[in-house]
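Engineer: I would like to see how this sequence folds:
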Amino acid sequence: MLVDTNLLVYATFAEAPEHDRARSWLLDRLDDVDQGIVLCWPVLYAFLRLITSARVFETHALTIGEGWATVDAYVRQANARVVVPGPLHLSIAAELVRTPGLRSDDVPDVELAALAIEHGLPLASHDSGFRRFAALRTIDPLG
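Structural biologist: Down below sits the predicted model:
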């Protein structure tokens, strides 16, 4: 399943209230040879931006180098793979942008939903806003 940014953030920062559950879920997925996780570059760069932000994490924010090492560690997990947009991405995204009520802040969600749909993956996220995309299968491992 494709992992959303929020789950990586929660699993990484012990200060997050969701940390224990997110970390446990992520480690279980990574330990399961039949499951694993799927990542994508938009999630990884958003994760990097957030974990290195002093506005978000104050004194707990990582340096860019430390943050990149964390991204690299996730990508290099034996049971992790990275997906990229393919030939159907444009048409899937075109359908998703027709979802009523979308705003400019929702564009990253459209991109992530299109990637998941194109690759036939459910999206693991603690963000209930993804449920507005009818064609997207979502799972909240913390819910």
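Engineer: from here on, contacts and neighbour counts on C-alpha atoms
Structural biologist: OK.
Engineer: Kindly indicate whether L115 is helix, strand or coil.
Structural biologist: At L115 the chain is in helix, as set by DSSP: H, G, I helix; E, B strand; the rest coil.
Engineer: Per-residue confidence, the closest residue in space to it that isn't next to it in sequence, what does it come out as?
Structural biologist: Spatial nearest neighbour of L115, excluding adjacent residues (Cα to Cα, 6 or more residues apart in numbering): P85 at 6.0 Å. For P85, the model assigns a pLDDT of 98.
Engineer: From P122, how far out is P85?
Structural biologist: According to Cα to Cα, to the nearest Å, P85 stands 16 Å off from P122.
Engineer: Which of the helices and strands in the protein ranks last by mean pLDDT?
Structural biologist: One helix or strand of the chain scores below all others by mean pLDDT, DSSP states H and E: helix 54-57, with a mean of 92.
Engineer: And it, what does it pack against?
Structural biologist: In terms of contacts (3 or more Cα pairs under 8 Å, 6 or more residues apart in numbering; DSSP states H and E), helix 54-57 is packed against helix 41-51.
Engineer: got a list of contacts for the helix it packs on?
Structural biologist: 3-6, 8-9, 56-57, 61-62, 64, 67-68, 71, 82-84, 108, 112 (Cα atoms under 8 Å, 6 or more residues apart in numbering).
Engineer: let's see 7 Å
Structural biologist: 4-5, 9, 56-57, 61-62, 67-68, 71 (Cα atoms under 7 Å, 6 or more residues apart in numbering).
Engineer: Go through that helix and flag the buried ones.
Structural biologist: For helix 41-51, burial by neighbour count (16 or more other Cα atoms under 10 Å) applies to 42-44, 47-51.
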